[in-house]
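Student: with the input below, show me the fold.
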Amino acid sequence: MSDKKLYWYAYRTRSRAEKKVEDRLKQHGVEVYLPLQETVRVWSDRKKKVKIPLIPGLIFVRLEEHRLNDYLILPGISYVIKYLRKPALIRDFEIQNIKILLRKQVDIEPCGLNEWQLGDPIEITEGIFKGFKGKILKNKDKNALIVKIESLGYHFEITIPSNLLQKAT
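Tutor: Below is the predicted model:
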């Protein structure tokens with residue numbers, strides 16, 4: 001009998017890397033849950049049903065807390081989601097609730113609290129501004145932020161999707 005205390009935690013992933021991260025973690029023997037929602041994507045020449053992450057940029061793992069940092073070296077994982085400076089513990093019933101919602105096959109639009117606060121220092125992780133550091137000026141909408149980047153005594157305001165940002169250290 002094992003005395004291991006396994007709990008659910010969450011990793012923030014790089015943009016559109018959720019499925020690859022899921023595969024890598026499974027290869028390491030980690031219990032992973034990536035909630036996927038089926039939706040129809042429309043292109044100019046066709047329509048296709050695809051499964052997309054319910055919560056973009058987030059993947060749930062069931063681990064001992066002291067093992068969370070072991071997997072931060074895997075490509076695609078940005079950081080551990082924290083609450084009050086400690087890894088955020090996700091209760092079993094919360095994971096079960098997500099699974100139940102997805103089984104009901106209704107349209108779900110996640111609208112959780114935004115993790116970004118005005119003035120937060122950030123670093124852009126992807127795209128043409130990768131590596132730039134700045135501050136959050138305002139939330140444009142639920143998926144985009146306006147970021148101030150100071151350079152050469154000037155500042156530039158850009159609107160950028162929140163999944164391309166990480167908190168600067």
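
Student: which strand residues bridge the residue lying closest to Ile90 once chain neighbours are set aside?
Tutor: Nearest in space to Ile90, with sequence neighbours left out and distances taken as Cβ to Cβ, 6 or more residues apart in numbering, is Trp8 at 3.9 Å. (Each C-beta comes from the backbone N, C-alpha and C, glycine too.) With DSSP bridges applied, the residues forming beta bridges to Trp8 are Arg62, Ile90.

Student: how many neighbouring residues does Trp8 have?
Tutor: With neighbours defined by other Cβ atoms under 10 Å, the count for Trp8 comes to 17.

Student: quick one: contacts for the residue nearest to Lys82 when sequence neighbours are not counted?
Tutor: The shortest distance from Lys82 to any non-neighbouring residue, by Cβ to Cβ, 6+ apart, is to Ala88 (5.8 Å). The neighbours of Ala88, taking Cβ atoms under 8 Å, 6 or more residues apart in numbering as the test, are 9-10, 80-82.

Student: list phi and psi for Ala88.
Tutor: Torsion angles at Ala88 (phi, psi; degrees, to the nearest 10) stand at phi -70, psi 120.

Student: please apply the same query to Leu72.
Tutor: With angles defined as degrees, to the nearest 10, Leu72 shows backbone torsions of phi -70, psi -20.

Student: gap between it and Asn139?
Tutor: Relative to Asn139, Leu72 is positioned 27 Å away (Cβ to Cβ, to the nearest Å).

Student: which one of the two is surrounded by more residues?
Tutor: Neighbour totals were compared for Leu72 and Asn139, and Asn139 leads with 15 against 11 (other Cβ under 10 Å).

Student: could you check how far that one is from Thr159?
Tutor: Applying Cβ to Cβ, the value for Asn139 to Thr159 is 10 Å.

Student: picking up where we left off before, now the buried members of the contacts of Ala88.
Tutor: For the contacts of Ala88, a burial check counting by 16 or more other Cβ atoms under 10 Å picks out 9-10, 80-81.

Student: okay, the residues you listed in JSON lines with secondary structure and pLDDT next?
Tutor: Below are the buried ones among the contacts of Ala88 laid out as JSON lines (DSSP: H, G, I helix; E, B strand; the rest coil; pLDDT from 0 to 100):
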{"residue": "Tyr9", "secondary structure": "strand", "pLDDT": "96"}
{"residue": "Ala10", "secondary structure": "strand", "pLDDT": "94"}
{"residue": "Val80", "secondary structure": "strand", "pLDDT": "94"}
{"residue": "Ile81", "secondary structure": "coil", "pLDDT": "90"}
